[in-house]
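> Pasting a predicted model and its sequence here:
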Amino acid sequence: GYTPFSLNISCQNMQQEGIADRAVEMFLSSNNLLASDASVLTNANAGGAQGVGLRLVKRDMPSSPVVLSPSNVDRGSATSLFHVAAGGSLNSHFIIGMGAYYYPYQRDGVTQGEINTSATLNIIYP
């Protein structure tokens, strides 16, 4: 099923309240991506479930899976979770609403078991 969650972001040491002093971009990366589909997080546990992984979505775009990057420094074609230009409006606290759900990527090869995977939130200043 679908599980909602939130990324709670807090910005400190802002030069001017409500204004970004530099560009900020956020995206997700992982070392556990399906080779043919960078929106699927695969199981890192060889003894766990097979043929099924996890997909993430932004809560305001539930029909569009989030694409992850294999790199934690280069967004490439990964989905931008947040972006603000230098001089743009920026709240000191904000929430990025997300959701996760199971995704069978090999329907005839799905086995039961645990799924252990991870993704990293990358915050870069391009």
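Yep, it's here. None of these values were measured; they are calculated from a predicted model. Numbering: from 1, shown residues only.
> OK, contacts around the closest residue to Pro70 other than its chain neighbours?
Nearest residue to Pro70, sequence neighbours excluded (C-beta to C-beta, 6 or more residues apart in numbering): Leu33, at 6.1 Å. Just so you know, the C-beta spots here come from the backbone N, C-alpha and C atoms, and that holds for glycine as well. Listed by C-beta atoms under 8 Å, 6 or more residues apart in numbering, the contact set of Leu33 reads 40-42, 68, 70.
> what does Glu114 give?
Counting by C-beta under 8 Å, 6+ apart, Glu114 touches 43, 45, 48-49.
> Ok, Ile9 next?
26, 82, 93-96.
> and Thr120, what are its bridge partners?
For Thr120, the beta-bridge partners under DSSP bridges are Ser29.
> And the residue lying farthest from the centre of the chain, its phi and psi?
In the chain, the greatest distance from the average C-alpha position (C-alpha atoms, centre = their mean) is reached by Gln16, at 28.5 Å. Main-chain torsions, Gln16, degrees, to the nearest 10: phi -140, psi 130.
> From Val40, how far out is it?
Counting by C-beta to C-beta, to the nearest Å, the gap from Gln16 to Val40 is 41 Å.
> Relative to Asp60, how far out is the residue nearest to Cys11 when sequence neighbours are not counted?
For Cys11, ignoring the flanking residues on the chain, the nearest one in space by C-beta to C-beta, 6+ apart is Ser92 at 5.0 Å. Going from Ser92 to Asp60 by C-beta to C-beta gives 21 Å.
> Likewise for Val110?
Applying C-beta to C-beta, the value for Val110 to Asp60 is 30 Å.
> between those two, who's got more neighbours?
With neighbours defined as other C-beta atoms under 10 Å, Val110 and Asp60 compare such that Val110 has more, 14 against 9.
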